[in-house]
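Trainee: Sequence and computational prediction follow.
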Amino acid sequence: MPEAARPLCLDIKGLTKRFGGFYALNGLDMAVATNHIHALIGPNGAGKTTFFNLITGVLPADDGTITFEDRTLDDARPSRRTLRGIARTFQNIRLFPHLTVLETVMIGEHCRAYPSVWRALGAAVLRRPFAQVGAERRMRDNAMELLGFLGLAGQHDEKASNLPYGDQRKLEMARALATQPRLLLLDEPAAGLNPHETEELDAVITRIRDRGVTIVLVEHDMNLVMGISDRVTVLNFGTRIADGTPAQIQADPAVIEAYLGEDAAP
Amino acid sequence: MLHALFDGYTRSILVFTGVNIIAAYSFYAPFKTGQVSLGQAGFMAVGAYASAIMTQKFGVPFALAFPFGGLVAGIIGVLVGFPALRIKGIYLLLLTLAFAEIVQVVALSWDFAGGAQGFRQIPFNPSILEYVVGAIVVLILFFARLERSSLGRAMDAIHQDETAAEVMGVDVVRIKLLAFGLGAVIAGLAGALYAHHATYVDSSTFNIMVAVEILMFVVVGGSSTYWGPLLGAGFLTLLPEFLRTLRDWLELVPVAWTNFFPMNRVYDFLHDALDFENAKRLIVYGIIIIVMMILRPDGLLTRDALRRWRWTARHA
């Protein structure tokens, strides 16, 4: 498909977030094409995690609009945005320490299985036992399928906090995918992984995209970013300094300056 | 039916133990989503007064006044729950505490309900023990099903990481409100049961110490499984009774032995200290809390322990 014909998954205009007098994001424009892997890179403190917090509604934006699939995301709560099809992982892993791996993934499925609290309460106490078992089994089967997809099969009874670090990152992805997103935000998924695990991650991200999910990737591992991204946006001090294909970005003097300092720019 | 099985004293002990167990579940419900409430005694007071007004002033049968007490407490619970959603930790503690104080002041100054003289001559209900046992059975069945349901899992997730749960699509606001309202309903029911057994309540009946004791029941029993509140409330309420019985048995020990080792005096001391009419029990509570926080911070009974036992039982 030619680039121009792809519909936009995420269209961001003038996105701004201030913390006191500090601009974490300052008038950011960004367009993410549907079913692309779109990387967002930049030095530490460039505003990447703030960007995720604004998209998912964890923090309110001070200015600007976020359009997701032709609909503006107003000030809806994070859970509403998840129902609309946006999911994320966290840079500092945030699993539920006392839940098992399987239960953790089933938390992601909860909002699809029971969009209303009353239905959830009814299912918990009022409905016939067998109907409840059926719904639970469907959730369980879906969760097991996702765990298999991410290479965590066989660990479903383990406590989430007991998994090795790399597997915890995968579990975060499984939990996010369980919400059936059309847009997945990955916050430094390769942080703390060894080279072998990073290679695996590369394949996993590509396979998630092949399931029809658009991916926005914040990452410091440039091999990973340049290898799998369709498009890259570079942030520095809350503003966009470059936007283009990986090859264009690697040749951009502004990017080299931001990363390596003024003297290194050709 | 149960009435005939026990003498008056035993029956009274059982009713108060049961009321404490129900009150412990009223704390457990909001706590399942991470909300620590010191207002459960206040909701008990609301349920006690609401049901007593129905039975004593309007002659409504207890069978109707009992759920009415829970309903009124639940409505007020949801109203208190809305501001409670926005705040966490120590601030929620203070908000619920302030609510309980407001309830006490209203009870003290509301002359229609007895005011400072207290609400007297609440009709005694002879089958209160059946109501208590029935309510506990329903609560255990409810929380057992909740624990195995998707909603119960979502509540656990909210308790462990509220932001992560919200971002994963869990409707944190509604679920927390539901849990808080549910806790208020349960506390209201406990209050209604108490009022129609004791036949008298006043503004200080459900004071801050009652709220602290309710918290103690759940902390000691364990809050990660629905058996915890039952165990904690049962254990702490019946402990003085056990000690009393033990002491009675020790009377049978030959005098020569007790001179050698005065066990009965040790039990006398413990019994005095734990007596529910005696302020010294608070010292013992304090010691229990400190020891528990060091040895078993998750309570006597935890879900992991239950899982291990079940696993062992299956594979033995």
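Mentor: Thanks, I have it. Just so you know, these numbers come straight off a predicted model, no measurement behind them. Numbers count the residues shown, from 1 in each chain, chains lettered A, B, ... in the order given.
Trainee: For the residue in the stretch 151-300 of chain B positioned nearest to chain A, give me the pLDDT.
Mentor: Across the stretch 151-300 of chain B, the shortest distance to chain A (Cβ to the nearest Cβ) belongs to residue B:169, at 2.9 Å. Yep, even glycine has a C-beta here, placed from its N, CA and C like the rest. For residue B:169, the pLDDT comes out at 93.
Trainee: cool, and residue A:5?
Mentor: As predicted, residue A:5 sits at a pLDDT of 58.
Trainee: Please pull out the lowest mean pLDDT helix or strand from the chain.
Mentor: Using chain A here. helix A:253-260 (a mean of 80; mean pLDDT, DSSP states H and E).
Trainee: Not quite, go with chain B.
Mentor: The helix or strand of chain B with the lowest confidence, counting by mean pLDDT, DSSP H and E, is helix B:255-260 at a mean of 65.
Trainee: since we're on residue 212, how many residues are nearby?
Mentor: Just going to use chain A. The local packing of residue A:212 (other Cβ atoms under 10 Å in any protein chain shown) involves 9 other residues.
Trainee: meant chain B actually
Mentor: Residue B:212: 15 surrounding residues under other Cβ under 10 Å.
Trainee: do the same with residue B:201
Mentor: Residue B:201 sits with 24 neighbouring residues when counted by other Cβ under 10 Å.
Trainee: was I right about it contacting residue B:49?
Mentor: Yes. The criterion here is Cβ atoms under 8 Å, and residue B:201 meets it with residue B:49 at 7.1 Å.
Trainee: overlap in contacts of the two?
Mentor: Common contacts of residue B:201 and residue B:49 (Cβ atoms under 8 Å, 6 or more residues apart in numbering or on different chains): B:119, B:195.
Trainee: circling back to that earlier point, can you pull the buried residues of the least confident helix or strand of chain A?
Mentor: In terms of neighbour count (16 or more other Cβ atoms under 10 Å in any protein chain shown), helix A:253-260 has its buried residues at A:255, A:256, A:257, A:258.
Trainee: Chain neighbours aside, what residue packs nearest to residue B:162?
Mentor: Leaving aside its sequence neighbours, residue B:162 sits nearest to residue B:172 (Cβ to Cβ, 6 or more residues apart in numbering or on different chains; 5.9 Å).
Trainee: How many residues are close by the one you found?
Mentor: 24.
Trainee: which residues does it contact?
Mentor: Contacts of residue B:172 (Cβ under 8 Å, 6+ apart): A:79, B:158, B:162, B:165, B:166.
Trainee: quick revisit: now do the contacts for the residue of the stretch 151-300 of chain B closest to chain A.
Mentor: Per Cβ under 8 Å, 6+ apart, neighbours of residue B:169: A:79, A:82, A:83, A:87, A:108, A:110, A:111, A:112, A:179.
Trainee: ok, then the element right after the host helix or strand of residue B:47?
Mentor: Taking DSSP states H and E as the definition, residue B:47 sits inside helix B:40-52. As assigned by DSSP H and E, the chain's next helix or strand after helix B:40-52 is helix B:58.
Trainee: And the closest residue in space to residue B:73 that isn't next to it in sequence, how close does it get to residue B:67?
Mentor: Take residue B:73 and drop its neighbours on the chain: the residue closest to it by Cβ to Cβ, 6+ apart is residue B:188, 2.5 Å away. Applying Cβ to Cβ, to the nearest Å, the value for residue B:188 to residue B:67 is 9 Å.
Trainee: Comparing those two, which shows the higher neighbour count?
Mentor: Neighbour tally, residue B:188 and residue B:67, criterion other Cβ under 10 Å: the higher count belongs to residue B:188, 33 against 16.
Trainee: if I look at that one, how far off is residue B:42?
Mentor: Separation of residue B:188 from residue B:42 (Cβ to Cβ) stands at 10 Å.
Trainee: What of residue B:66?
Mentor: Noted for residue B:66: a distance of 19 Å to residue B:42, by Cβ to Cβ.
Trainee: So these two - more neighbours on which side?
Mentor: For residue B:66 versus residue B:42, neighbours defined as other Cβ under 10 Å are more numerous around residue B:42 (33 against 25).
Trainee: ok, for that one, nearest residue in space, not its chain neighbours?
Mentor: Spatial nearest neighbour of residue B:42, chain neighbours left out: residue B:100 (3.3 Å); criterion: Cβ to Cβ, 6+ apart.
Trainee: That neighbour reaches residue B:46, doesn't it?
Mentor: No. Shown here, residue B:100 and residue B:46 do not form a contact pair, counting by Cβ under 8 Å, at 9.9 Å.
Trainee: Which one of these two is surrounded by more residues?
Mentor: residue B:46 (30 against 24).
Trainee: Now do the contacts for the more buried one.
Mentor: Counting by Cβ under 8 Å, 6+ apart, residue B:46 makes contact with B:69, B:72, B:73, B:76, B:103, B:184, B:187, B:188, B:191.
Trainee: Output the buried residues of helix A:253-260 in TSV, with distance to chain B appended to each entry.
Mentor: Shown next, in TSV, are the buried residues of helix A:253-260 (distance: Cβ to the nearest Cβ, whole Å):
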residue	distance to chain B
A:255	30
A:256	35
A:257	35
A:258	30
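Trainee: Give the rounded mean pLDDT of the helix holding residue B:47.
Mentor: 95.
Trainee: now do stretch A:26-37
Mentor: Rounded mean pLDDT across stretch A:26-37 is 92.
Trainee: repeat for stretch A:48-67
Mentor: On average, stretch A:48-67 scores 91.
Trainee: May I see the buried residues of it?
Mentor: Buried residues in stretch A:48-67 (16+ other Cβ under 10 Å): A:48-59, A:61, A:64, A:66.
Trainee: Now cross-check the residues you listed against chain B and list the overlap.
Mentor: Among these, the ones lying near chain B by Cβ under 8 Å from any Cβ of the partner chain are A:56, A:58.
Trainee: Which ones among the buried residues of stretch A:48-67 map onto strands?
Mentor: Members of the buried residues of stretch A:48-67 lying in strands (criterion: DSSP state E): A:64, A:66.
Trainee: which one among the buried residues of stretch A:48-67 gets closest to chain B?
Mentor: For the buried residues of stretch A:48-67, the minimum distance to chain B (Cβ to the nearest Cβ) is 5.6 Å, reached by residue A:56.
Trainee: so the closest one touches residue A:185, yeah?
Mentor: Yes. The pair residue A:56 and residue A:185 qualifies as a contact (Cβ under 8 Å) at a distance of 6.9 Å.
Trainee: Quick one: residues contacting residue 57.
Mentor: Reading this off chain A. If a contact means Cβ under 8 Å, 6+ apart, then residue A:57 has A:73, A:75, A:76, A:77, A:78, A:80, A:81 as its contacts.
Trainee: wrong one, I was asking about chain B
Mentor: residue B:112.
Trainee: Now do it against residue B:122, distance only.
Mentor: Residue B:57 is 10 Å from residue B:122, by Cβ to Cβ.
Trainee: helix or strand for whichever residue of the stretch 51-200 of chain A sits closest to chain B, which one?
Mentor: With Cβ to the nearest Cβ as the measure, residue A:111 is the residue of the stretch 51-200 of chain A nearest to chain B, at 2.9 Å. Assigned by DSSP H and E, residue A:111 belongs to helix A:101-113.
Trainee: In that helix, which residues are buried?
Mentor: Buried residues in helix A:101-113, counted by 16+ other Cβ under 10 Å: A:101, A:102, A:103, A:104, A:105, A:106, A:107, A:108, A:109, A:110, A:111, A:113.
Trainee: Residue B:297: which of those residues is nearest?
Mentor: Residue B:297 has its nearest neighbour among those in residue A:103, at 21.9 Å by Cβ to Cβ.
Trainee: Quick check: that closest one vs residue B:85, distance?
Mentor: 25 Å.
Trainee: In helices only, show me the contacts of residue B:46.
Mentor: B:69, B:72, B:73, B:76, B:103, B:184, B:187, B:188, B:191 (DSSP state H).
Trainee: Taking these, tell me the two that lie furthest apart.
Mentor: The distance between the two most remote of the ones in helices among the contacts of residue B:46 (Cβ to Cβ) is 13.3 Å, for B:69 and B:103.
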